[in-house]
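> Sequence and computational prediction follow.
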Amino acid sequence: METATTGPLTFRDASDADVGTLVGLIESAYRGDSSRVGWTTEADILQGQRTDPESVLEVIKSPDSRLLTVERDGRVVACCQLERRGDHAYFGMFAVCPALQGAGLGKVVIAEAERQVREGWGAKELHMTVITVREDLIAWYERRGYRRTGRTSPFPYGDERFGIPQRDDLEFELLVKELGQPEPATP
């Protein structure tokens with residue numbers, strides 16, 4: 001699989017040996033100064049860690065979950081968690097190398113994730129949660145066919161495994177996409 005701005009991509013399930021690389025990728029995409037190279041940074045709303053080796057390993061080991069790992073030229077450039085939840089799947093832990101963001105790689109990864117859960121698990125919908133103040137990120141998902149549900153859940157304040165909040169109004173909103181429908185043709 002290729003995009004106009006990248007070479008061939010390889011999609012595979014993560015292994016135990018990938019844990020350190022994946023933690024580094026996820027952290028670089030969301031936290032600290034390195035995340036500011038890309039547009040997905042959460043550095044202004046959350047400090048501290050985004051994930052840890054134990055959380056990544058838990059996803060890899062779970063029988064109902066996969067950590068889809070994307071490589072180009074033998075280098076991990078993106079990942080996402082896919083978890084089977086009855087007739088739908090959950091999409092999380094999505095990260096694209098900050099230096100490669102904005103070039104279409106994220107669109108390719110999410111489309112492949114949708115295809116895999118639809119064809120492999122028979123999932124009818126893909127669900128995700130996004131921090132509601134991340135309007136730019138929510139808009140990006142809406143252009144991919146996801147819809148806001150208005151269903152929110154609280155941010156886990158006080159649990160530093162999810163970061164150290166820099167504001168007191170954080171919450172998650174559930175976004176849902178029905179699978180099988182074509183992706184909208186907007187950029």
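Alright, I've got the coordinates. Numbers count the residues shown, from 1 in each chain.
> how about low-confidence regions in this protein?
Residue ranges of the chain with pLDDT under 70: 1-6, 31-43, 181-187.
> max-length helix in it?
In the chain, with assignment by DSSP state H, the single longest helix is helix 105-121.
> Okay, buried residues for the helix or strand that that one is followed by please.
On the C-terminal side of helix 105-121, the closest following helix or strand by DSSP states H and E is strand 125-131. Buried residues in strand 125-131, counted by 16 or more other C-beta atoms under 10 Å: 125-131. Glycine gets a C-beta too; all of them are placed from N, C-alpha and C.
> Same question for stretch 131-150.
By neighbour count on 16+ other C-beta under 10 Å, the buried set for stretch 131-150 is 131, 133-134, 137-138, 140-141, 144-146.
> Could you tell me the end-to-end distance of it?
By C-alpha to C-alpha, to the nearest Å, the extent of stretch 131-150 from end to end equals 12 Å.
> ok, back up a step: the longest helix of the chain vs strand 125-131, what angle?
If you take axes from the mean of the first three to the mean of the last three C-alpha atoms, to 10 degrees, helix 105-121 sits at 140 degrees to strand 125-131.
> can you list contacts of helix 105-121?
1, 3, 5-6, 9, 11, 68, 70, 77-78, 80, 82, 84, 89, 91, 94, 96-97, 123-124, 126, 140, 144, 177, 179-180, 183 (C-beta atoms under 8 Å, 6 or more residues apart in numbering).
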